[in-house]
Each structure stands twice: as structure tokens, then as C-alpha cells.
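Asks: what would the 3D arrangement of this be:
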Amino acid sequence: GNGQFETRSVPKYKTETYTETYQSPVYRDEPVYATRYYYDIDRWKVVSHVKTSADDHEPKWGTLPKKVISEPEKIRNPEYGYQREGEHTESYYLKIKRKRAKEKELKYDYNKWSKLKEGDSITYKERLFYLIFGL
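Replies: The predicted structure is shown next:
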């Protein structure tokens, strides 16, 4: 070169190897032979409604009619045909006799209905709606 002293550093490389060990799960595709369960859930269904009416102020609940089940059906399924009482609902109506029209029924609240007696007069609003068709 030019006669001047230069120091050069040349890196020395060395190769190092490491061994790492770890565990990883190994899975196989195998069919699952699990037990399957099938089951039926019995639920109550509404079969009929029992309506009760009377001409007095004594509320009454109707009774369920007996269901006739054939002998072969009893043998196959002894619980077939069982019935039970469901939810009780009640409605109270007034029958109104009008002068020039048919009888009319009005749905009434129990508290008001229980205070009325036969022959009492009441006032109510009625709307008449007529349709006129052009020819």
C-alpha cells in the first residue's frame, strides 16, 4: 500500500450447534366408538277444552270426560290416554235482551258481574257499522 501501518480486524467465525428437546402430542385419526343415546320426552298436549256455563251466580269448573281406550292400545302403551287438568281460565258474560235486535253477550269483569242481579239494567255503548255497496 502506501507504507502506513494499518490494523485490520478479521472476525473469526465459529459454528456452534445446540440440541433442544421438547414433547409434542402425536394424534392418530381413529374412529370414536362412543355410545349414542336416544330418548323420547313425553309432553302434555291440549286435547280439548271443557266449557261450563250456567244461569246463576255460582261459578263452576267442568270435569274431564273419561276417555275410552281400546284393549290393544292399553297393552302396547299403558299410559296412553292419560289426561290431566290444565290451566283454569274464566270469563263472565252478560246476556242482553234488546228490543228490536237479537240477544247480545258482553264480556264483563268478575267484580262487576258478581254485583249484578237478574233484571238489573245497565248502560253500554254500541257502535253500528253499515256497509253500503254500490251496484
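
Asks: now the terminal residues of stretch 25-33, how far apart.
Replies: With Cα to Cα, to the nearest Å as the measure, stretch 25-33 spans 21 Å from end to end.

Asks: quick one: that stretch to chain centroid distance?
Replies: 41 Å (Cα atoms, centre = their mean, to the nearest Å).

Asks: any chance you could give me stretch 9-18 in CSV, C-alpha atoms only?
Replies: Extracted in CSV, the C-alpha atoms of stretch 9-18 (Å, rounded to 0.1, in the frame of the first residue of the first chain):
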residue,chain,number,x,y,z
SER,A,9,-9.6,-7.0,12.3
VAL,A,10,-10.8,-10.0,10.6
PRO,A,11,-13.6,-11.8,12.5
LYS,A,12,-13.2,-15.4,13.3
TYR,A,13,-16.4,-17.3,12.9
LYS,A,14,-17.2,-20.5,14.7
THR,A,15,-20.1,-22.8,14.3
GLU,A,16,-22.0,-23.8,17.4
THR,A,17,-24.8,-26.4,17.5
TYR,A,18,-27.3,-26.9,20.2
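
Asks: residue 113 in helix, strand or coil?
Replies: At residue 113 the chain is in helix, as set by DSSP: H, G, I helix; E, B strand; the rest coil.

Asks: contacts only, for it.
Replies: In this structure, residue 113 makes contact with 92, 94, judged by Cβ atoms under 8 Å, 6 or more residues apart in numbering. C-betas here are computed from N, CA, C, even on glycine.

Asks: now do 7 Å
Replies: Contacts for residue 113 (Cβ atoms under 7 Å, 6 or more residues apart in numbering) come out as residue 92.

Asks: how close does it get to residue 91?
Replies: Residue 113 sits 10 Å away from residue 91, taking Cβ to Cβ, to the nearest Å as the criterion.

Asks: now residue 120
Replies: Distance, residue 120 to residue 91, by Cβ to Cβ: 19 Å.

Asks: what's the answer for residue 67, then?
Replies: Residue 67 sits 26 Å away from residue 91, taking Cβ to Cβ as the criterion.
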